[in-house]
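Novice: need coordinates for the below:
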Amino acid sequence: MGAENKPAAGASGGIGIDCPVAGDDTSGGRKACGGGGNENKPTDGAGIGNGAGASFRDGLCLLLATQRSACFELSFSGKENYYARAPYEVLVNGRQAASGDTNVFSLYSLEPGTDYSVSAVFEDGGEASCEFATKPETAMLDATLFGALGDGSRDCTSALQAAILACPEGGTVFVPEGVYLSYPIMLKSGVMLYLDKGAVILGGAARARYPILPDARKTRGGDGSLLLGAWDGGHADCFASLITAIACENAAVSGEGAIDANAQNADWWECSETMRGAWRPHSIFAERCKGIAIHGVTVRNSPCWTIHPYYSDGVDILDVKISNPPDSPNTDGCNPDSCSGVRIVGCDISSGDDCVTLKSGKYGMGLSHPKPTAHVLIRNCLMRRGHGGVVIGSDTASGVFGVTVENCVMRGTDRGLRVKTRRGRGRRSAVDNIVFSNVLMEGVLTPFAVNMFYFCDPDGKSEYVQSRAMAPVDDRTPSVGSIVCRDILCVGAAYAGAYLLGLPESPIRSVTLQNVDISFDPEAGAGAPVMAERVVATRGLKLRAENVAELVLSNVSFSGAKMEAEILGVQSFRACPEIYTRVRLGIPTAICGRTEETSITDSR
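Specialist: Model prediction:
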């Protein structure tokens with residue numbers, strides 16, 4: 001790795017988890033990590049599973065090492081948002097290899113089975129270092145030897161697929177610089193697809209050339225227990241994605257290259273809500289996989305959701321750049337769906353819809369294939385444009401639990417943290433243990449939105465879904481549990497600082513806002529903070545909370561607001577002295593919030 005092939009700064013991922021979880025004294029293949037001058041302090045990292053979201057001590061942590069790439073994360077005060085505390089140079093074995101300014105960076109074009117020492121030397125004099133080893137490699141197969149021609153016009157699908165099928169477990173399929181026209185290719189267990197700098201896999205435009213992943217219930221003897229095609233929270237015929245992985249273990253896509261699904265030159269975005277032969281593909285689809293990693297690559301121009309892990313465990317999406325036009329329909333960035341042990345770290349996401357969305361199916365899937373999305377870490381990411389920064393729902397029929405979002409920057413999204421659900425999702429549809437911390441929001445219209453009246457699906461505006469009257473609690477009633485948002489700066493908000501709308505029969509259990517500073521854009525117009533019937537447009541509304549069991553505001557400040565806070569049907573409310581609210585409990589209006597701690601109980 002020399003100056004002619006400098007690795008980029010960013011975040012990465014690969015096969016396996018090399019930073020042990022909190023409380024785990026194993027090294028996970030990592031030799032030594034540390035920081036702060038000459039010290040070499042070990043770090044316990046943040047892994048997947050029950051430890052996902054645990055913060056590591058100051059220094060440099062190896063997130064992942066593949067055969068030919070590696071990913072690292074910096075942490076000192078733990079308060080940096082995506083960008084590092086200062087620009088830095090990266091030294092590999094004492095020689096300058098790269099420079100960066102983000103909290104996550106990657107190294108590429110490494111030799112397999114080799115020990116390395118890496119240091120980040122900051123302009124302000126600090127230093128963090130780490131020793132690691134790349135994974136051994138059984139073989140490296142150059143795709144061009146199988147007939148792949150990177151001229152942008154010859155169809156390379158068969159050549160790329162042949163290289164993957166021929167590659168032994170523990171091997172690498174190497175795609176050198178060039179543009180490789182391709183239709184869907186299938187990954188294989190134990191194989192890494194490595195896209196070198198300048199390599200582009202370009203999606204073909206002919207819809208008829210895309211295989212269909214069928215609704216598994218149509219297969220012979222199919223009883224719905226198998227998963228194949230999926231769309232909008234359930235079984236469905238859908239086109240295979242440009243990169244598809246079915247039941248793969250320990251597979252990866254890594255490198256400095258790009259996956260360009262080329263949707264702008266096809267017809268995927270036309271009549272996007274109409275099924276034509278099958279539903280639209282994604283750019284990357286990983287179904288029933290274990291230990292799957294997407295690392296370093298740029299993914300752009302997706303026909304639909306960009307990266308869709310589905311019923312998979314141990315998912316790394318690291319140092320990935322996602323770019324879709326702002327008007328491209330449903331081109332969410334990363335959508336883990338009924339997945340556990342997910343890390344989305346160091347990603348730069350710009351989409352035509354939500355940046356990151358966590359899902360777990362609709363009511364039918366919650367009954368037949370109940371698998372929650374759980375233990376998710378989203379850290380050091382930049383999220384731009386899109387309807388939401390981090391979104392949970394609305395397809396949550398199996399539940400979403402244990403989500404940590406930290407050290408992120410959100411710019412120009414409609415909402416920051418967005419939870420959306422509705423009647424009909426089911427009793428398993430529980431959203432709980434959500435922690436949102438150390439986040440910077442710039443120009444986010446509504447920083448915090450929790451909406452249990454979301455008007456999606458054909459019946460979304462029906463009286464059953466939208467009625468504000470208390471409905472019976474039954475097997476179709478969803479729930480929202482604990483949400484904690486702390487250490488958050490929001491600059492340039494527009495519609496509302498926070499809008500919390502629970503069901504009367506199933507109130508939001510607990511929302512805590514702690515050390516939150518929200519300032520409003522004086523030039524902003526009015527708009528609906530959430531997508532539900534009977535929600536009026538607002539401008540500069542501090543906060544509205546309706547049907548929340550417990551609401552805690554600790555050291556929360558608003559500046560430039562046009563409308564005071566409104567609290568309705570909140571059973572327990574505590575606020576710091578600076579908050580002035582109008583509290584309505586369905587009976588006479590009361591004034592509160594001027595004392596250090598105020599508890600109000602609706603005694604109806």
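Novice: hey, C-alpha coordinates of stretch 464-480 in CSV?
Specialist: Provided in CSV are the C-alpha atoms of stretch 464-480 (Å, rounded to 0.1, in the frame of the first residue of the first chain):
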residue,chain,number,x,y,z
TYR,A,464,-60.1,2.3,12.9
VAL,A,465,-56.6,3.6,12.5
GLN,A,466,-57.2,7.3,12.9
SER,A,467,-59.9,7.5,15.6
ARG,A,468,-58.8,9.5,18.7
ALA,A,469,-61.3,7.6,20.8
MET,A,470,-60.0,4.8,23.1
ALA,A,471,-60.2,1.5,21.3
PRO,A,472,-60.2,-1.9,22.9
VAL,A,473,-56.7,-3.4,23.6
ASP,A,474,-56.4,-6.6,21.5
ASP,A,475,-54.0,-8.7,19.5
ARG,A,476,-53.6,-5.9,17.0
THR,A,477,-52.7,-3.1,19.4
PRO,A,478,-49.0,-1.9,19.2
SER,A,479,-47.0,-0.4,22.0
VAL,A,480,-44.1,2.1,22.4
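Novice: give me the contact list for that stretch.
Specialist: For stretch 464-480, contacts defined as CB atoms under 8 Å, 6 or more residues apart in numbering pick out 363, 396, 419, 421-427, 429-432, 450, 452-453, 455, 459-460, 502-506, 508-509, 532-534. No exception for glycine: its C-beta is placed from N, CA and C like everyone else's.
Novice: next, the buried residues of it.
Specialist: V465, Q466, A471, R476, T477, P478, S479, V480 (16 or more other CB atoms under 10 Å).
Novice: likewise stretch 211-219?
Specialist: Buried residues in stretch 211-219, counted by 16+ other CB under 10 Å: L213, P214, D215, A216, R217.
Novice: stretch 277-286 now?
Specialist: A278, W279, R280, P281, H282, S283, I284, F285, A286.
Novice: stretch 129-145 now?
Specialist: S129, C130, E131, F132, A133, T134, K135, E137, L141, A143, T144.
Novice: let's see it as CSV, backbone CA atoms only.
Specialist: The C-alpha coordinates for stretch 129-145 follow below in CSV (Å, rounded to 0.1, in the frame of the first residue of the first chain):
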residue,chain,number,x,y,z
SER,A,129,-2.7,3.3,17.8
CYS,A,130,-3.7,-0.2,17.2
GLU,A,131,-2.1,-3.5,16.2
PHE,A,132,-4.0,-6.0,14.2
ALA,A,133,-3.8,-8.8,11.7
THR,A,134,-5.6,-9.3,8.4
LYS,A,135,-7.4,-12.6,7.9
PRO,A,136,-5.7,-15.4,5.9
GLU,A,137,-6.9,-16.0,2.4
THR,A,138,-7.3,-19.3,0.6
ALA,A,139,-7.3,-17.8,-2.9
MET,A,140,-7.7,-14.6,-4.8
LEU,A,141,-9.6,-14.9,-8.1
ASP,A,142,-9.4,-12.0,-10.5
ALA,A,143,-12.8,-11.6,-12.2
THR,A,144,-11.2,-10.5,-15.4
LEU,A,145,-9.7,-14.0,-15.8
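Novice: can you give me the mean pLDDT across it?
Specialist: The pLDDT scores in stretch 129-145 average 98.
Novice: thinking again about what came up before, the buried residues of stretch 277-286 in strands, which ones?
Specialist: If you go by DSSP state E, the buried residues of stretch 277-286 have I284, F285, A286 in strands.
Novice: from the chain's centre, how far out does stretch 303-316 sit?
Specialist: Its chain's average C-alpha position is 10 Å from that of stretch 303-316, according to CA atoms, centre = their mean, to the nearest Å.
Novice: what packs against the helix or strand hosting L141?
Specialist: Take DSSP states H and E as the rule and L141 turns out to sit in strand 140-142. Contact analysis of strand 140-142 by 3 or more CB pairs under 8 Å, 6 or more residues apart in numbering; DSSP states H and E lists helix 157-166, strand 171-175 as its packing neighbours.
Novice: and these as a markdown table, adding mean neighbour count?
Specialist: Below are the helices and strands packed on strand 140-142 laid out as a markdown table (neighbours: other CB atoms under 10 Å):
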| stretch | mean neighbour count |
| --- | --- |
| helix 157-166 | 19 |
| strand 171-175 | 24 |
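Novice: for H308, find the nearest of those.
Specialist: helix 157-166 (19.7 Å; CB to CB).
Novice: contacts for that closest one, please.
Specialist: So helix 157-166 is in contact with 141-149, 173, 175, 180, 182-188, 191, 193, 201, 204, going by CB under 8 Å, 6+ apart.
Novice: at 6 Å what do you get?
Specialist: For helix 157-166, contacts defined as CB atoms under 6 Å, 6 or more residues apart in numbering pick out L141, A143, F146, G147, A148, V173, S182, Y183, I185, K188.
Novice: kindly report the same for stretch 259-277.
Specialist: By CB under 6 Å, 6+ apart, stretch 259-277 touches 200-203, 205, 242, 280, 283, 297, 299-303, 328-329.
Novice: out of the residues you listed, who's the most crowded?
Specialist: The residue in these with the most neighbours, by other CB atoms under 10 Å, is S302 (35 neighbours).
Novice: between the buried residues of stretch 277-286, which is nearest V104?
Specialist: I284 (19.5 Å).
Novice: residue contacts, that closest one?
Specialist: If you count contacts by CB under 6 Å, 6+ apart, I284 has them with S241, I243, I307.
Novice: could you find the closest non-adjacent residue to the second one?
Specialist: Closest residue to I243 in three dimensions, ignoring its sequence neighbours and counting by CB to CB, 6 or more residues apart in numbering: I284, at 4.5 Å.
Novice: if that neighbour is in a bridge, with which residues?
Specialist: I243, I307 (DSSP bridges).
Novice: and it, how close does it get to T331?
Specialist: 13 Å (CB to CB, to the nearest Å).
Novice: Y108 too?
Specialist: Y108 sits 27 Å away from T331, going by CB to CB.
Novice: which stretches of the stretch 501-604 of the chain have low pLDDT?
Specialist: Applying pLDDT under 70 to the stretch 501-604 of the chain flags residues 576-604.
Novice: and the helices in it?
Specialist: Under the criterion DSSP state H, counting those that start in this stretch, the stretch 501-604 of the chain carries no helices.
Novice: can you map out the strands along it?
Specialist: In the stretch 501-604 of the chain, the strands defined using DSSP state E, counting those that start in this stretch lie at 508-520, 541-546, 548-559, 565-568, 572-575, 581-584, 590-592.
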